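J.: below is the structure, and that's it, no one-letter string:
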């Protein structure tokens, strides 16, 4: 993945900012924050080498149908919390 495209209705929180930073670092990908106006044309010219992150299900579905990798902030947060719980469990067993 060469780019992470973010389009949000709601404000970006600290956890999402950190996750975007980690994703960017892991994949050596730039993060581009766009407006809903820009999102439509961005998806229409969809880049198969980009991940589209949004809290709007309609936009996610449109991006998914164009072959883009997609994710939502809520699912990212749930995944992060689950990983922290697993890590906490592993540390607690030692």
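T.: Happy to help now that I have it. Model, not experiment: these values are computed from the prediction.
J.: going forward, measure contacts and count neighbours with C-alpha atoms only.
T.: OK.
J.: what are the ranges of the strands in the chain?
T.: With DSSP state E as the criterion, the chain has strands at 3-7, 30-33, 50-54, 69-71.
J.: mind checking the longest helix of this structure?
T.: Longest helix in the chain, counting residues (DSSP state H): helix 73-93.
J.: which helices and strands does that one pack with?
T.: Applying 3 or more Cα pairs under 8 Å, 6 or more residues apart in numbering; DSSP states H and E, one finds that helix 73-93 contacts helix 14-27.
J.: the helix it packs on versus strand 50-54: what angle between them?
T.: Per axes from the mean of the first three to the mean of the last three Cα atoms, to 10 degrees, the angle that helix 14-27 makes with strand 50-54 is 180 degrees.
J.: mind giving me the packing neighbours of helix 14-27?
T.: The helices and strands touching helix 14-27, judged by 3+ Cα pairs under 8 Å, 6+ apart, are strand 30-33, helix 73-93.
J.: could I get the ones you listed as a markdown table with distance to residue 20 and mean neighbour count?
T.: Listed next are these as a markdown table, based on distance: least, Cα to Cα, whole Å; neighbours: other Cα atoms under 10 Å:
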| stretch | distance to residue 20 | mean neighbour count |
| --- | --- | --- |
| strand 30-33 | 7 | 15 |
| helix 73-93 | 10 | 12 |
